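> Everything below, folded, please.
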Amino acid sequence: MSKDVLFTQEDIAARVEATAKKIARAPLLPNIAMPILVGGFIFAADLVRALSRQGVDLEIEMLWLRSYGDKRAASAVSIIAGPSEQIAGRHVLVIDGVLDFGRTIKKAVALIEAAGAAGVQVAVALDKKRPDAVAKADFVAFETGNDFVIGYGMDDAGKFRSLPYIGKVT
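Alright, predicted model coming up:
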């Protein structure tokens, strides 16, 4: 298996800063970040620090959903840890690594709305821009094709999350 680099560390750093600037200039600012574990944790860490540099300091609460397990094809979305009562009445920024079909994002938004959030926005590192996606992101660092991606928090059956770049498996 080879790994082709799609976006370098430098590409990622620049797009994270640009995404943070867009969020900071949006008409409605979030007051709590909710990264989706596990794939969104690296992007989330970088994004919330970049937002802080823009003067937007967010509280952070994790949401743990699983849709891939050890496979390359998404399955039903499982809830490992859902939102707490801390988000009631708050404006939540959901942060994830990749928006593919959108099932995980859709489930996250539904859980957060059911927990009483005042509003929900979504930021993703990668959006595959699938025409059949069931959710969309408000803020996107990169648009990409339908490649299976690894690195920067995204994995292949648990492997390659720690790569400092975003690559595709060929």
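> For this structure, just list every one of the strands.
Using DSSP state E, the strands of the chain run over residues 3-7, 32-37, 59-60, 63-66, 78-81, 91-99, 119-127, 139-143, 149-150, 166-169.
> Lowest average pLDDT across these?
If you rank the strands of the chain by mean pLDDT, strand 78-81 sits at the bottom with a mean of 54.
> any chance of the strands of the chain in TSV, with distance to Ala13 too?
Where C-beta positions appear, they are placed from N, C-alpha and C, glycine not excepted. Shown next, in TSV, are the strands of the chain (distance: least, CB to CB, whole Å):
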stretch	distance to Ala13
strand 3-7	10
strand 32-37	18
strand 59-60	20
strand 63-66	25
strand 78-81	29
strand 91-99	16
strand 119-127	12
strand 139-143	10
strand 149-150	18
strand 166-169	12
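> Among the ones you listed, single out whichever gets nearest to Thr19.
strand 139-143 (4.9 Å; CB to CB).
> by contact count, what packs against that closest one?
helix 9-24, strand 119-127 (3 or more CB pairs under 8 Å, 6 or more residues apart in numbering; DSSP states H and E).
> among those, which is the most enclosed?
strand 119-127 (a mean of 24; mean count of other CB atoms under 10 Å).
> what's across from Ile150 in the sheet?
Beta-bridge partners recorded for Ile150 (DSSP bridges): Gly167.
> Can you verify my assumption that it contacts Lys168?
Yes: counting by CB atoms under 8 Å, Ile150 does reach Lys168; the two are 7.4 Å apart.
> Now list whatever residues contact both of these two.
Residues touching both Ile150 and Lys168 (CB atoms under 8 Å, 6 or more residues apart in numbering): Lys3.
> re the thing from before, out of the helices and strands packed on strand 139-143, the one nearest Lys159 is which?
strand 119-127 (17.9 Å).
> contact partners of that closest one?
With CB under 8 Å, 6+ apart, strand 119-127 has contacts from 12, 19, 23, 26, 28, 30, 40, 43, 47, 91-99, 105, 108-109, 112-113, 135-144, 149, 152-154, 166.
> Each with direction, which strands does it pair with?
strand 91-99 (parallel), strand 139-143 (parallel).
> what's the angle between it and helix 9-24?
Interaxial angle of strand 119-127 relative to helix 9-24 (axes from the mean of the first three to the mean of the last three CA atoms, to 10 degrees): 160 degrees.
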